[in-house]
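Visitor: no sequence on this one, just coordinates:
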């Protein structure tokens, strides 16, 4: 490109612009290149500088997020009279302040795991349904539907979760308790209480991350080269066998990274958890029991009454959340990058 | 099921040659099984007095999948049965995914329309006692529009320029780093973005809560989305176009401005609109930074404001029927707003689709 | 291991557009039949109707009869999956399953048909790879990915995969068009050997190739752009290339059009 630039530039500068290729005729070729080369360079430098600067600004913002959160968090953790990692209760406004993320971090992970267990299989199913099973005329509208689902604000999910889902899950909670109490996790100590539990939160989160996992997986499934599917078909594979031997292996890493993106969302979701959960400082694996909490939920619920020091404590918990999501998303990106190399090798 | 008789003799010259015909379940079999399963499930549900409709549905699903699988493996053989099992499971997945959506939309519309009227849109909550009816979302609408507008004004240019950098200029380490951190930034939870502005703007620089503070957090959430979608669109612009322009002696920056951007503008605007739709519904950072207010505050740079998602949250927190009604109505308006942005984005995408793009 | 194909009155459609019209022909068992004709004349479409791969394309459908010995592939109740298991296919571009090893690629069809025993699989994989003249080149790296082979090797791997399930008929859709001359030669030799066991139908753009490998040749053409493709004539390859009965065939073969 560098070579082609210098020679034709001179040639074209003499020729009037209207003789250029037809698809470029609307493009006004304003600056006659030879005369004010310095000016052109300046424009180029300004423009590339601005765009480069924006890229750097993004990096600065990311660094600032980490720096400022750490800065506030360090002070808060230093004055914590409990152990920040193992203390269960969150009494940051008290004197002396005693707070820890044991319950919150566990709750965050538990609710996100429940969401993943429910959402990922269903999302993969829906993605396959849209990409390979649904009648062709239906596929596009269905994809739109999932897109719209992804656009519903989390606070609306939260409102629906608190006022509709919670009462409707009461029966299921009791049923799970009476038949599956032996599994320990489904053992509810008070099955009669409204199920504002981590289990309900998990289901709501599953509903919320379903669209994003579906969308990303569907994209990947649609990229499966036709010839690989035809190879399977020509061997006499049923539709499911085609999926199993050519679609799923091709899409596996895509599904994994889609799930990680969903996991990131579930970990950081705030409002839907804040509206549904009835928080407590009890660390328990009985997921049907109301109680527990998540980091994001604790920030949203506790912020209103937080003292200045309480705010710093909340920021410290936010830093933990930031690090967790950073790790999860970084892992997802690594998987995608590996996949790119892989598919590039046999393109 | 007369099809079972259809066993062509396996003789002939090649004993291994399979018949081309298989016994198949009739076409109506899945539908019939589904109807039967639902009927039985309703029967069981009523008989055992299971209160939750969710259980009824689960029983129906299990019955349907199980019965069809057994029938199919008896009549059609294992491979066909597996195929059918997969098909019915995928249908079940799909229905499972759609039910909450319809429930959510239906519930929100049904509840929301109760108090949604012109007065609701044109009044604030100033002086309204929360346990009584009345009041509206005017102040929240103003807040949302201003905050989202400011956030867009900040995030769109930066996002656009970053994408241009990555596609047109970026080489080497810096570009790779930026790409990676754009991805990471996409995953930053909204509450963390809120906490950052809180610690930087409000605690460190000691500014007051304001719409602008919220807008900054929203901008952080919006930037990576804009970068990603713009990048995709710029990559779709064929290289020939750039080279043709450069070969004419047009400098690079003008080529980008006059050739590349106009070609991709439809997709870029779509991406920005989708990003706007996403941040419009964000609650957490607004809760931390804008703080909420019941009165109209038209100035986003001074003092607490309100916003639609925050309004929904506050009304829900009030915990009484009139407040719940207001929450639903505001949620309905919020959904409508977000959907409008979405549809607008799709409209632009369709209208301005690059001819060479993926149709 | 080879069956006769009898096609009568076959038309194929993409949506409402007719791609080929009213084709009737007989394909003899244990022989190579080549389809030639200008681009867009429907020869690949026709080939894909012979194992019901045509209908995989959305909105595509077929009218007419394809008899495989005494069974009509398009009779109601016929399972397309069973048809494709009986009539194998090799595609224009080599398409080994990218995530599978060489061994697994060949074993894929066998596993689908319920063969699980390692010993049986080993035997058949070896037999198929030998049948595709690939065994000596890959026997030491059966567990390496199939996508790592050269283009010509990949195509022979695909042939091995297709013949592993012992089909009655082998359809080849321009199997050499993406290959270099030496690989092409290897495939052509292979076709000569395979016709001892299978009925082979090959679509080719290359008339020399048709002349080299086939016993019978069918010439397809379309009346005009937008018109459906038709079978002009089918005859012994020698006759077609020396003394065809239709003028259009001669024009095409002598390079006057197409």
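Guide: Thanks, I have it. Since we're looking at a predicted model, the values are computed, not measured.
Visitor: would you mind measuring from the closest residue to residue C:182 other than its chain neighbours to residue C:102?
Guide: Leaving aside its sequence neighbours, residue C:182 sits nearest to residue C:152 (CB to CB, 6 or more residues apart in numbering or on different chains; 7.2 Å). The C-beta positions use only the backbone N, C-alpha and C, and glycine is treated the same way. For residue C:152, the distance to residue C:102 (CB to CB, to the nearest Å) stands at 14 Å.
Visitor: excluding its backbone neighbours, what's nearest residue C:89?
Guide: Closest to residue C:89 by CB to CB, 6+ apart is residue A:234, at 3.8 Å.
Visitor: so what's that neighbour up against?
Guide: Residues near residue A:234 by CB atoms under 8 Å, 6 or more residues apart in numbering or on different chains: C:51, C:53, C:84, C:88, C:89, C:91, C:162.
Visitor: which parts of stretch A:300-319 are buried?
Guide: Across stretch A:300-319, burial judged by 16 or more other CB atoms under 10 Å in any protein chain shown covers A:300-303, A:306, A:309-319.
Visitor: just those residues that are near chain B?
Guide: Contacts with chain B within these, counted by CB under 8 Å from any CB of the partner chain: A:300, A:303, A:311, A:312, A:314, A:315, A:318.
Visitor: in helices, which of the residues you listed appear?
Guide: Counted as lying in helices by DSSP state H, out of these, are A:300, A:311, A:312, A:314, A:315, A:318.
Visitor: helices or strands up against the lengthiest helix in chain A?
Guide: The longest helix of chain A (DSSP H) is helix A:37-78. Counting contacts by 3 or more CB pairs under 8 Å, 6 or more residues apart in numbering or on different chains; DSSP states H and E, helix A:37-78 packs against helix A:308-345, helix B:138-164, helix B:172-186, helix B:190-197, helix B:211-236, helix B:252-255.
Visitor: which of those helices has the lowest average pLDDT?
Guide: Lowest mean pLDDT within these: helix A:308-345, a mean of 81.
Visitor: and the angle from that helix to helix B:172-186?
Guide: 120 degrees (axes from the mean of the first three to the mean of the last three CA atoms, to 10 degrees).
Visitor: give me the element the residue nearest to residue C:182 is part of.
Guide: In the assignment (DSSP states H and E), residue C:152 maps to helix C:151-164.
Visitor: so residue B:120 is in which element?
Guide: Using DSSP H and E, the element containing residue B:120 is helix B:118-122.
Visitor: in the stretch 1-150 of chain A, what residue spans correspond to strands?
Guide: Shown for the stretch 1-150 of chain A, the strands assigned by DSSP state E, counting those that start in this stretch span residues A:90-91, A:98-99.
Visitor: follow-up on the earlier one: let me know the closest of the ones in helices among the ones next to chain B among the buried residues of stretch A:300-319 to residue B:91.
Guide: residue A:300 (37.6 Å; CB to CB).
Visitor: quick check: closest non-adjacent residue to the closest one.
Guide: residue A:274 (4.3 Å).
Visitor: report all helices and strands that the helix or strand containing the one you found contacts.
Guide: Assigned by DSSP H and E, residue A:274 belongs to helix A:271-276. Helix A:271-276 makes packing contacts with helix A:154-160, helix A:198-222, helix A:295-302, helix B:308-318 when contacts are defined by 3+ CB pairs under 8 Å, 6+ apart.
Visitor: turn those into TSV, including mean pLDDT.
Guide: Formatted as TSV, the helices and strands packed on helix A:271-276 follow (pLDDT from 0 to 100):
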stretch	mean pLDDT
helix A:154-160	94
helix A:198-222	92
helix A:295-302	93
helix B:308-318	93
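Visitor: reformat those as JSON lines; add distance to residue B:263.
Guide: Compiled in JSON lines, the helices and strands packed on helix A:271-276 are given as follows (distance: least, CB to CB, whole Å):
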{"stretch": "helix A:154-160", "distance to residue B:263": "35"}
{"stretch": "helix A:198-222", "distance to residue B:263": "23"}
{"stretch": "helix A:295-302", "distance to residue B:263": "41"}
{"stretch": "helix B:308-318", "distance to residue B:263": "36"}
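Visitor: re the thing from before, ok now the longest helix of chain A, how far from the chain's centre?
Guide: Relative to its chain's centre, helix A:37-78 lies at 23 Å (CA atoms, centre = their mean, to the nearest Å).
Visitor: likewise stretch C:164-177?
Guide: Stretch C:164-177 sits 4 Å away from the centroid of its parent chain (CA atoms, centre = their mean).
Visitor: can you check stretch C:129-147 too?
Guide: Stretch C:129-147 sits 22 Å away from the centroid of its parent chain (CA atoms, centre = their mean).
Visitor: how about it: buried residues?
Guide: Result for stretch C:129-147 [16+ other CB under 10 Å]: buried residues C:129, C:131, C:132, C:133, C:134, C:135, C:137, C:138, C:142, C:145, C:146, C:147.
Visitor: secondary structure class for residue C:89?
Guide: Here residue C:89 is strand, with the state taken from DSSP: H, G, I helix; E, B strand; the rest coil.
Visitor: now for it: which residues touch it?
Guide: By CB under 8 Å, 6+ apart, the neighbours of residue C:89 are A:230, A:234, C:48, C:51, C:53, C:162, C:170, C:171, C:172, C:173.
Visitor: what is the nearest of the residues you listed to chain B?
Guide: Distance to chain B across these (CB to the nearest CB) is lowest for residue C:51, with 11.0 Å.
Visitor: so what's the closest residue to the closest one other than its chain neighbours up against?
Guide: Among residues not flanking residue C:51 along the chain, residue C:87 sits closest, at 3.7 Å (CB to CB, 6+ apart). Listed by CB under 8 Å, 6+ apart, the contact set of residue C:87 reads C:50, C:51, C:68, C:73, C:167, C:168, C:169, C:170, C:171.
Visitor: so what's residue C:87 bridging to?
Guide: residue C:169 (DSSP bridges).
Visitor: against residue B:85, how distant is it?
Guide: 27 Å.
Visitor: cool, residue B:197 as well?
Guide: Taking CB to CB, one finds residue B:197 at 51 Å from residue B:85.
Visitor: next one: residue A:178
Guide: Taking CB to CB, one finds residue A:178 at 29 Å from residue B:85.
Visitor: just want to know which of these two has more residues nearby.
Guide: residue B:85 (18 against 11; other CB atoms under 10 Å in any protein chain shown).
Visitor: what strand or helix carries the more buried one?
Guide: In this structure, residue B:85 sits in helix B:78-112 according to DSSP H and E.
Visitor: buried ones in that helix?
Guide: Neighbour counts using 16+ other CB under 10 Å place B:79-94, B:96-97, B:100-101, B:104-105, B:107-108, B:111-112 of helix B:78-112 among the buried residues.
Visitor: check which helices and strands that helix is in contact with.
Guide: helix A:102-128, helix A:136-151, helix A:154-160, helix A:198-222, helix A:239-242, helix B:29-47, helix B:53-75, helix B:321-351.
Visitor: of the ones you listed, flag the one that's most buried.
Guide: Highest mean neighbour count of the helices and strands packed on helix B:78-112: helix A:154-160, a mean of 27 (counted as mean count of other CB atoms under 10 Å in any protein chain shown).
Visitor: what is the subsequent helix or strand relative to it?
Guide: helix A:166-168.
Visitor: contacting residues around that next one?
Guide: For helix A:166-168, contacts defined as CB under 8 Å, 6+ apart pick out A:194, A:195, A:196, A:200, A:276, B:52, B:53, B:54.
Visitor: could you do stretch A:326-341 as well?
Guide: A:253-254, A:256-257, A:260-261, A:263-264, A:267, B:180, B:183-184, B:186-187.
Visitor: pick out the residue of the stretch 201-347 of chain A closest to chain B.
Guide: residue A:268 (2.4 Å).
Visitor: just give the nearest non-adjacent residue to that residue, would you?
Guide: residue B:189 is the one closest to residue A:268 (CB to CB, 6+ apart), at 2.4 Å.
Visitor: what's near enough to touch residue 103?
Guide: Just so you know, I chose chain A. Per CB under 8 Å, 6+ apart, neighbours of residue A:103: A:88, A:89, A:90, A:280, A:281, A:282, A:283, A:292, A:293.
Visitor: not quite, go with chain C.
Guide: So residue C:103 contacts C:125, C:142, C:143 (CB under 8 Å, 6+ apart).
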